[in-house]
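Enquirer: could you work out the structure for the sequence below:
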Amino acid sequence: MAETRTADVRRIVIEIKGEKKEPKEKSTELNPEDEKQSIGDLLKNAIFSNTARDVMNGVKQVVLADLNRRYSLSEDYIGERTLNNVLTAVGKTKTLAQYVISGVILSGGNIGGGLVGLGLYGVSEFINNQANLSQYYRQINSNNYQTGYYKERAGLVNGSKGTEN
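Expert: Residues are numbered from 1 along each chain as shown. Below you'll find the predicted structure:
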């Protein structure tokens, strides 16, 4: 005969007596210790990013100085001009990206902030171009004045076609 066994079912009940505590709501205010820690973290990150940027700029300057020396020694002026054009394009693209990303971040992720950043980049480029043109025209005016002064000093008249003797 086969024996049938029934499993013993045992139950363990744990009862905790005491006051019921409500879960704490998270406060939006910063604890002064948390604030000190977050300021410390921000300072640490800022110092690290500035140091990293300075190191990268130093390496970039060393590499560019070496490239410029090689271009000068080999008299490869076309290659040097191409390199300078590429570096200018990369620099302007980087600046444009910084303006747009900063606009998006400052607007809280809104694409309108990116458009504002794009507009600010355009204004900045316009101002830089106007400053460069102004400097160029000042140089031309200075050269024209010097040329006129030298012609007068040399006694030339009628646009360098005769002398005043």
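Enquirer: might one say that Tyr99 is in contact with Gly117?
Expert: Yes. The criterion here is Cβ atoms under 8 Å, and Tyr99 meets it with Gly117 at 4.1 Å. From N, CA and C alone the C-beta is placed, and that goes for glycine too.
Enquirer: quick one, helices of this protein?
Expert: Counting by DSSP state H, the chain has helices at residues 32-74, 77-106, 111-154.
Enquirer: give the contact list for Gly79.
Expert: By Cβ atoms under 8 Å, 6 or more residues apart in numbering, Gly79 lies in contact with Tyr71.
Enquirer: Asn68 versus that one, what's the distance?
Expert: 11 Å (Cβ to Cβ, to the nearest Å).
Enquirer: Glu152 too?
Expert: To Asn68, Glu152 is 41 Å away according to Cβ to Cβ.
Enquirer: tell me where the model's unsure across this structure.
Expert: 1-9, 18-37, 155-165 (pLDDT under 70).
Enquirer: nearest the geometric middle of it, what residue?
Expert: Central residue of the chain (Cα atoms, centre = their mean): Gln98, 4.7 Å from the mean position.
Enquirer: contacts for stretch 105-121 next, please.
Expert: Identification of contacts with stretch 105-121 by Cβ under 8 Å, 6+ apart yields 95-96, 99-104.
Enquirer: so which of those residues comes closest to Asn84?
Expert: Closest to Asn84 out of those is Thr95 (16.3 Å), distances taken as Cβ to Cβ.
Enquirer: run a quick neighbour tally on the closest one.
Expert: Residues within reach of Thr95, counting by other Cβ atoms under 10 Å, total 13.
Enquirer: for Ile101, same thing?
Expert: Count around Ile101 with other Cβ under 10 Å applied: 13.
Enquirer: with the one 3 residues further on instead?
Expert: For Val104, the tally of surrounding residues (other Cβ under 10 Å) stands at 18.
Enquirer: same thing with Gly103?
Expert: Gly103 has 21 neighbouring residues, counting by other Cβ under 10 Å.
Enquirer: who's in contact with it?
Expert: Contacts of Gly103 (Cβ under 8 Å, 6+ apart): 113-118, 120.
Enquirer: cutoff 7 Å now
Expert: Contacts of Gly103 were listed using Cβ atoms under 7 Å, 6 or more residues apart in numbering, and they are 113-114, 116-117.
Enquirer: how much space between the closest residue to Leu64 other than its chain neighbours and Arg53?
Expert: Leaving aside its chain neighbours, Leu64 sits nearest to Leu87 (7.7 Å; criterion: Cβ to Cβ, 6 or more residues apart in numbering). Remark: distance between Leu87 and Arg53 (Cβ to Cβ) = 17 Å.
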